[in-house]
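S.K.: below are the sequence and a predicted model for it; my questions follow.
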Amino acid sequence: MRAALVVRPGQPPSLADRGEPSGEVVVDVLAAPVTPLDLLCASGTSYFGVPATPYVPGVQGIGTVDGRTVWFPTTAGMAPGDGSMAAKAVARQEDLVFLPDVDPVLMAALGLSAVAAYMALIWRGELAAGETVIVLGCGAVGQSAIQLARLAGAGRVIAAARSEQGRERAVRAGADVVVSLEDVAAQSADLLIDPLFGAPAAAAAQALRPGGRWVNLGGSAGETSPITSSTLRSRSLRLSGYTNNELTVRQRADAISVIARHAAEGALTVDHEVVPLADVTDAWHRKDHGRVVLAM
């Protein structure tokens with residue numbers, strides 16, 4: 001079968017022939033996103049260690065099992081074994097999430113990024129109706145968070161992005177206010193959704209009201225942040241970390257189901273580019289058109 005194959009850590013995958021997999025459940029793959037986690041694992045520099053090569057990357061995908069559309073995860077790059085970027089992939093029965101009639105490419109583009117946005121807002125961030133939310137960045141997580149905050153009843157959504165392209169995405173996603181990262185401190189909010197950390201998060205924390213909540217779910221702007229103790233203490237701010245890895249199978253499945261329902265209803269989308277599996281090498285680091293989704 002055709003598959004993307006990482007032959008050496010630090011190099012992009014290339015198209016290859018791979019034997020068909022066998023396991024608990026074999027999924028006929030329709031689409032698989034290229035995510036930051038895939039890039040990190042394949043680099044050989046992740047906290048999971050250097051992956052055993054060669055392997056098929058892809059930590060999640062959309063496919064069919066017995067004619068029914070499913071979302072499924074894998075541990076490719078984090079543990080020995082192949083992932084979703086192939087014509088067929090292996091999954092555990094308990095991990096499958098059966099989906100409604102939804103565009104499989106869009107659902108692949110949303111996937112775990114939208115799950116992170118949703119759970120950071122609802123579970124970790126405890127968003128209440130009418131509250132104001134600041135969302136930093138406008139990648140897949142940021143775009144999803146803007147729309148999901150609105151769907152969850154937020155009174156106002158403020159988006160802050162570093163580039164003009166990111167700010168344009170925030171407008172399309174429906175943010176009430178869109179600012180540059182440099183101007184975010186002048187805003188006022190109850191909840192901060194932060195995939196960036198670093199200096200942008202420290203600035204955004206200045207915008208939180210007394211008792212405000214700050215949920216960090218990434219560090220793309222820096223692994224450390226120049227936040228001061230007085231900022232946290234003077235307004236009794238609550239800073240929480242979030243990772244999808246802490247979710248139970250049931251929590252993850254429930255979140256995927258919510259995401260799928262909103263996507264099927266046309267209420268949730270994310271910028272994405274569809275690329276055939278044969279072009280995986282060229283597409284590996286390409287982000288000009290948003291999330292890259294490989295179509296099988």
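M.R.: Right, received. Where do you want to start?

S.K.: not counting residues beside it along the chain, what's closest to residue 50?
M.R.: residue 44 (4.4 Å; Cβ to Cβ, 6 or more residues apart in numbering). Every residue, glycine included, has its C-beta placed from N, CA and C.

S.K.: now the one you found: how far from residue 196?
M.R.: Distance, residue 44 to residue 196, by Cβ to Cβ, to the nearest Å: 24 Å.

S.K.: list the contacts of the host helix or strand of residue 254.
M.R.: Per DSSP states H and E, residue 254 falls inside helix 249-264. Here helix 249-264 makes contact (Cβ atoms under 8 Å, 6 or more residues apart in numbering) with 71, 73, 94-95, 97, 99-103, 106-107, 110-111, 114-115, 118-119, 123, 144, 147-148, 151, 244, 247, 268-269.

S.K.: if you set the cut-off to 6 Å instead, what comes out?
M.R.: Here helix 249-264 makes contact (Cβ atoms under 6 Å, 6 or more residues apart in numbering) with 71, 94, 97, 99-100, 102, 106-107, 110, 114-115, 118-119, 268.

S.K.: which one of the residues you listed is nearest to residue 235?
M.R.: residue 119 (24.5 Å; Cβ to Cβ).

S.K.: ok, now which ones touch the closest one?
M.R.: residue 255.

S.K.: and it, backbone torsions?
M.R.: As for residue 119, its main-chain torsions (degrees, to the nearest 10) stand at phi -70, psi -30.

S.K.: strands paired with the strand or helix carrying residue 134, and their directions?
M.R.: Assigned by DSSP H and E, residue 134 belongs to strand 132-136. Here strand 132-136 is paired, per DSSP bridges, with strand 156-161 (parallel), strand 189-194 (parallel).

S.K.: among those, which is nearest residue 284?
M.R.: Per Cβ to Cβ, nearest to residue 284 of the strands paired with strand 132-136: strand 156-161, 23.6 Å.

S.K.: alright, that wraps it up for me.
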